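J.: need coordinates for the following:
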Amino acid sequence: MKNRLLFCFFFLFAGSSFEACESDAFYPCEKSYVEMDQIQFTQEGIYVQLQNKSVLTSTLHTDSRGLYFVDFKRQGSCPQGKWECQVCHYCNPNYTLYCGICWN
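T.: The predicted structure follows:
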């Protein structure tokens, strides 16, 4: 009985720590080429501004076609100094009151 209780406790603890690790994971994606003006380096990492959202990537790569990334994290999150529009998820500078895309 005591061993089963310890096993259950260990299983629950391991499961909760696995979830925490999983939420910090970078998810693979197709090779996505970017221009220099889409990239922002911050203390939190490398952010890439896409059409209407910003994604965090672990690494930038290069080949004969240019710069690209192959993973992302927290899609829709914005780098420091910007806020995310709750309607279209565009990253706006902190000094603006309205979204630059959808005006919300």
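J.: how many neighbours does Lys82 have?
T.: By other Cβ atoms under 10 Å, the residues close to Lys82 number 19. Bear in mind the C-beta positions are built from the backbone N, C-alpha and C, glycine included.
J.: how close does the closest residue to it other than its chain neighbours get to Lys31?
T.: With sequence-adjacent residues excluded and distances taken as Cβ to Cβ, 6 or more residues apart in numbering, Lys82 is closest to Cys91, at 4.3 Å. Here Cys91 is placed at a distance of 23 Å from Lys31 (Cβ to Cβ, to the nearest Å).
J.: more crowded one of these two?
T.: The neighbour comparison of Cys91 against Lys31 (other Cβ under 10 Å) goes to Cys91, with 23 against 10.
J.: the more buried one and Cys99 touch, don't they?
T.: No. Using Cβ atoms under 8 Å, Cys91 is not in contact with Cys99, being 9.5 Å away.
J.: any residues in contact with both of the two?
T.: Cys85 (Cβ atoms under 8 Å, 6 or more residues apart in numbering).
J.: Tyr47 pairs with what?
T.: With DSSP bridges as the criterion, Tyr47 is bridged to Gln40, Leu56.
J.: go ahead and confirm it touches Ser54.
T.: Yes. With contact defined as Cβ under 8 Å, Tyr47 reaches Ser54; the gap is 5.0 Å.
J.: which residue is the nearest non-sequential neighbour of Thr62?
T.: Tyr68 (7.4 Å).
J.: sorry, back to before: what is in contact with Tyr47 and Ser54 at once?
T.: 40, 78-79.
J.: just checking, next helix/strand downstream of the lowest-mean-pLDDT helix or strand in the chain?
T.: When each helix and strand of the chain is scored by mean pLDDT, DSSP states H and E, helix 2-23 comes last, with a mean of 41. Sequence order places strand 27-34 as the next helix or strand after helix 2-23, per DSSP states H and E.
J.: now Ser32: how far from Gln40?
T.: Taking Cβ to Cβ, one finds Ser32 at 15 Å from Gln40.
J.: typo on my end, Pro93
T.: Relative to Gln40, and taking Cβ to Cβ, Pro93 is found at 11 Å.
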